[in-house]
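Got a predicted model here, sequence first, then my questions.
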Amino acid sequence: MVMTRKIAGFLVALAAFMVLEWINLGFNLADGHPTGFYVVHGILIAVNLVLALVLGAIGLRGLRHARSGRKAPLR
(Lines give C-alpha, C1' and ligand atoms only; values in the text may rest on other atoms or scores of the structure.)
Protein backbone atom coordinates (compact mmCIF):
# COMPACT_ATOMS: atom_id res chain seq x y z
CA MET A 1 0.00 0.00 0.00
CA VAL A 2 1.32 3.43 -0.93
CA MET A 3 0.60 6.70 0.84
CA THR A 4 -0.52 9.47 -1.50
CA ARG A 5 0.47 13.09 -1.08
CA LYS A 6 -3.13 13.93 -0.19
CA ILE A 7 -3.22 11.41 2.67
CA ALA A 8 0.19 12.55 3.94
CA GLY A 9 -0.98 16.18 3.93
CA PHE A 10 -4.14 15.19 5.78
CA LEU A 11 -2.09 13.43 8.47
CA VAL A 12 0.12 16.50 8.97
CA ALA A 13 -2.94 18.79 9.16
CA LEU A 14 -4.67 16.43 11.59
CA ALA A 15 -1.58 16.32 13.81
CA ALA A 16 -1.36 20.12 13.87
CA PHE A 17 -5.06 20.38 14.73
CA MET A 18 -4.73 17.82 17.53
CA VAL A 19 -1.78 19.64 19.08
CA LEU A 20 -3.54 23.01 19.01
CA GLU A 21 -6.84 21.57 20.25
CA TRP A 22 -5.41 19.70 23.24
CA ILE A 23 -3.04 22.46 24.29
CA ASN A 24 -5.97 24.87 24.17
CA LEU A 25 -8.04 22.50 26.30
CA GLY A 26 -5.21 22.25 28.80
CA PHE A 27 -5.11 26.02 29.22
CA ASN A 28 -8.90 26.33 29.42
CA LEU A 29 -9.51 23.87 32.23
CA ALA A 30 -11.32 25.78 34.96
CA ASP A 31 -10.35 25.70 38.62
CA GLY A 32 -12.44 24.02 41.26
CA HIS A 33 -12.54 20.45 40.00
CA PRO A 34 -11.46 17.43 42.01
CA THR A 35 -7.89 16.20 41.52
CA GLY A 36 -9.09 13.14 39.59
CA PHE A 37 -10.53 15.43 36.91
CA TYR A 38 -7.13 16.99 36.28
CA VAL A 39 -5.35 13.63 36.34
CA VAL A 40 -7.70 12.14 33.74
CA HIS A 41 -7.55 15.18 31.48
CA GLY A 42 -3.77 15.39 31.85
CA ILE A 43 -3.47 11.78 30.72
CA LEU A 44 -5.84 12.42 27.80
CA ILE A 45 -3.81 15.44 26.74
CA ALA A 46 -0.50 13.57 26.98
CA VAL A 47 -1.75 10.55 25.01
CA ASN A 48 -3.28 12.69 22.29
CA LEU A 49 -0.13 14.80 21.94
CA VAL A 50 1.93 11.62 21.50
CA LEU A 51 -0.56 10.39 18.87
CA ALA A 52 -0.33 13.75 17.10
CA LEU A 53 3.47 13.52 17.01
CA VAL A 54 3.31 10.00 15.56
CA LEU A 55 0.75 11.00 12.91
CA GLY A 56 2.75 14.11 12.05
CA ALA A 57 5.95 12.08 11.65
CA ILE A 58 4.21 9.57 9.37
CA GLY A 59 2.68 12.38 7.33
CA LEU A 60 5.95 14.26 6.97
CA ARG A 61 7.71 11.08 5.92
CA GLY A 62 5.01 10.49 3.29
CA LEU A 63 5.30 14.06 2.00
CA ARG A 64 9.08 13.77 1.79
CA HIS A 65 8.82 10.59 -0.27
CA ALA A 66 6.11 12.12 -2.48
CA ARG A 67 8.36 15.10 -3.27
CA SER A 68 11.25 12.83 -4.21
CA GLY A 69 9.04 11.22 -6.84
CA ARG A 70 9.28 7.67 -5.58
CA LYS A 71 6.54 5.62 -3.99
CA ALA A 72 6.84 5.15 -0.24
CA PRO A 73 5.46 1.85 1.05
CA LEU A 74 3.55 1.99 4.31
CA ARG A 75 5.09 -0.07 7.10
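Thanks, I have it. Remember, predicted model here, so these are calculated numbers, not experimental data. Residues are numbered from 1 along each chain as shown.

The residue most central in space within the chain: what's it in contact with?
Centroid-nearest residue in the chain, with C-alpha atoms, centre = their mean: Ala52, separated by 1.6 Å. Going by C-beta atoms under 8 Å, 6 or more residues apart in numbering, Ala52 touches 14-16, 18-19, 22. Backbone N, C-alpha and C define where each C-beta goes, glycine included.

same question, Gly9
Gly9 makes contact with 59, 63, according to C-beta under 8 Å, 6+ apart.

could you measure it against Leu55, distance?
Distance of Gly9 to Leu55, given as C-beta to C-beta, to the nearest Å: 12 Å.

Show the model's pLDDT score for the residue lying farthest from the centre of the chain.
Distance to the chain centre peaks in the chain at Gly32, reaching 29.2 Å (criterion: C-alpha atoms, centre = their mean). With respect to pLDDT, Gly32 has a value of 82.

Please apply the same query to Leu14.
96.

Report the distance from the host helix or strand of it to the chain centre.
In the assignment (DSSP states H and E), Leu14 maps to helix 5-28. Counting by C-alpha atoms, centre = their mean, to the nearest Å, helix 5-28 is centred 5 Å from the centre of its parent chain.

likewise stretch 46-57?
Counting by C-alpha atoms, centre = their mean, stretch 46-57 comes out at 4 Å from the chain centroid.

likewise stretch 30-44?
For stretch 30-44, the distance to the chain centre is 22 Å (C-alpha atoms, centre = their mean).

now do stretch 43-50
The mean C-alpha position of stretch 43-50 is separated from the chain mean by 10 Å, C-alpha atoms, centre = their mean.
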